[in-house]
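Asker: here is a sequence together with a model predicted from it:
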Amino acid sequence: MEDKVFPVQLVVWSLRSVSRVILANNPVSGALALAALYWASPWQGVLGTVGVLASTFTALIIGQDSAAVTAGLHGFNGMLVALLIGAFSAAGDWFWWLLLPVCVGAAACPFLFSAMGSVLDRWDLPVSVYPFNTVITLYLLCTSTPPGALQQHPYYPHHLATPPGAVEVNATQLDAVQVLRGIALGVGQIYACGALGPSLLILASVVLYSPLLAVHAVLGSAIGTLAGVSMCVRASSLYEGLSGFNGALGCMAVGGLFYTFSWKTHLLAITTAFFSAYVDIALSNLMGTLGLPACSWAATLVFTVMLLLNGQTLAAYRIPIGQVMAPEHNLRASRSQWEAGNTSDRESTDV
């Protein structure tokens, strides 16, 4: 892309940023995911696009590493901030004043990404979506009102999150078809998308990048849903995919992305999915008392812990951050290549 004009380069960088949300690194996958967002909600699509551009331009202005910018590493956190601001807004679609916090929140992500990266790089850990989780939590705290208040925030009203453990009236049976539908929606909820068709298109974008990653996405969402059933979370969390997306993220990150795929790391990915789902339930119940969502704090924290595991058994499968690619490509590379830093045909990624 070096010889292309800047607008073309910007489009490719932005689409890579969109695909980073689902742990991919492919502009075509990003285009499919973005199309799914516009399909589900044109307003959400606009917010996501503004978030990516605001975050990417900020990274360019403050002089972040050009390789990281071109790889889309400075755009996906901003996009997630924009999508969650829109998803929790109570002002309805096409509330143009919402673009102000979207731009400010997205622009804050490169600063946090750079600052956190200087610390986490010492332990060979990805910055992941820590900037997104931090910014969206602070935004919702800034615009929240006390529980039971008669009036919402006058400028940026937003819906309050409900703890998943909240008991529903007469919710004694589950609809098996709706639960299965919720597993597919768990992949879409990574983008705060709760529509079935767009969620399947998002899953297709993962398949395009890596079929193995897609398998772990569905498996992790199913595990998260199972964990929700075991904890008797409210049915709407199961049906809308809210119980599954943290499990999907955790399973994808460990199941072949940061560890070479094998039966040992596959079991570790399943374990990560279970832990992510249960931690999400706990955090959601805790933060829900303040009307706040737990976002993807659970998956981010859990797979960070999993990457810190030591021991010869797992160390042999651990892939250095700068050498991570799609699971299928990771399988072709040997440990000696990683240690030698052979990056001639490889491209670093992040989560």
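Answerer: Done, it's in. Residues are numbered from 1 along each chain as shown.

Asker: show me the domain layout of the protein.
Answerer: According to automatic domain parsing, the chain comprises the domains 6-142, 176-339.

Asker: P157: which of these is closest?
Answerer: Distances from P157 to each of the domains of the chain were compared using CB to CB; the minimum, 4.1 Å, belongs to domain 6-142. For every residue, glycine as well, the C-beta is placed using N, CA and C.

Asker: where do the helices sit along the stretch 101-250 of the chain?
Answerer: Taking DSSP state H, counting those that start in this stretch to define them, one finds helices in the stretch 101-250 of the chain at 130-142, 176-188, 196-209, 211-230, 235-239, 245-252.

Asker: quick one, strands of this protein?
Answerer: Listed from the start of the chain, the chain has no strands (DSSP state E) to report.

Asker: pick the most deeply packed of the helices of the stretch 101-250 of the chain.
Answerer: Greatest average neighbour count among the helices of the stretch 101-250 of the chain goes to helix 245-252 (a mean of 34), per mean count of other CB atoms under 10 Å.

Asker: packing partners of that helix?
Answerer: The criterion is 3 or more CB pairs under 8 Å, 6 or more residues apart in numbering; DSSP states H and E, and the helices and strands that helix 245-252 contacts are helix 176-188, helix 211-230, helix 263-288, helix 297-307.

Asker: using CSV, lay out these together with distance to L331 and mean pLDDT.
Answerer: Rendered in CSV, the data for the helices and strands packed on helix 245-252 read as follows (distance: least, CB to CB, whole Å; pLDDT from 0 to 100):
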stretch, distance to L331, mean pLDDT
helix 176-188, 23, 93
helix 211-230, 8, 94
helix 263-288, 11, 93
helix 297-307, 19, 94
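
Asker: nearest to A248, of the ones you listed?
Answerer: With distances scored as CB to CB, the stretch of those nearest to A248 is helix 211-230 (3.9 Å).

Asker: so who does the closest residue to A71 other than its chain neighbours touch?
Answerer: Of all residues not flanking A71 in the chain, R16 sits nearest, at 6.1 Å (CB to CB, 6 or more residues apart in numbering). The contact partners of R16, by CB atoms under 8 Å, 6 or more residues apart in numbering, come to N25, N26, P27, G30, T70, A71, G72, G75.

Asker: go again using 10 Å as the cut-off
Answerer: When the contact criterion is CB atoms under 10 Å, 6 or more residues apart in numbering, the partners of R16 are 24-30, 52, 56, 69-73, 75-76, 347, 349.

Asker: among these, which ones are buried?
Answerer: In terms of neighbour count (16 or more other CB atoms under 10 Å), the buried residues within the contacts of R16 are 24-27, 29-30, 52, 56, 69-73, 75-76, 347, 349.

Asker: so which of the helices of the stretch 101-250 of the chain is nearest I321?
Answerer: Across the helices of the stretch 101-250 of the chain, the minimum distance to I321, taken as CB to CB, is reached by helix 130-142, at 14.3 Å.

Asker: just want the angle from the closest one to helix 263-288.
Answerer: Between the axis of helix 130-142 and that of helix 263-288 there is an angle of 10 degrees, by axes from the mean of the first three to the mean of the last three CA atoms, to 10 degrees.

Asker: what's helix 130-142 packed up against?
Answerer: helix 42-61, helix 76-88, helix 99-120, helix 297-307 (3 or more CB pairs under 10 Å, 6 or more residues apart in numbering; DSSP states H and E).

Asker: and among the ones you listed, the most buried is which?
Answerer: With neighbours defined by mean count of other CB under 10 Å, none of these is more surrounded on average than helix 76-88, at a mean of 28.

Asker: CA atoms only: put that one into PDB for me.
Answerer: The C-alpha atoms that make up helix 76-88 are tabulated as PDB, following Å, rounded to 0.1, in the frame of the first residue of the first chain:
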ATOM      1  CA  PHE A  76     -10.300  -0.900  17.000                       C
ATOM      2  CA  ASN A  77     -10.500   0.400  20.600                       C
ATOM      3  CA  GLY A  78     -12.000   3.700  19.300                       C
ATOM      4  CA  MET A  79     -14.500   1.800  17.300                       C
ATOM      5  CA  LEU A  80     -15.700  -0.200  20.300                       C
ATOM      6  CA  VAL A  81     -16.000   2.900  22.400                       C
ATOM      7  CA  ALA A  82     -18.200   4.500  19.700                       C
ATOM      8  CA  LEU A  83     -20.400   1.400  19.300                       C
ATOM      9  CA  LEU A  84     -21.000   1.000  23.100                       C
ATOM     10  CA  ILE A  85     -21.800   4.700  23.500                       C
ATOM     11  CA  GLY A  86     -24.400   4.300  20.800                       C
ATOM     12  CA  ALA A  87     -25.700   1.000  22.100                       C
ATOM     13  CA  PHE A  88     -26.300   2.400  25.600                       C
END
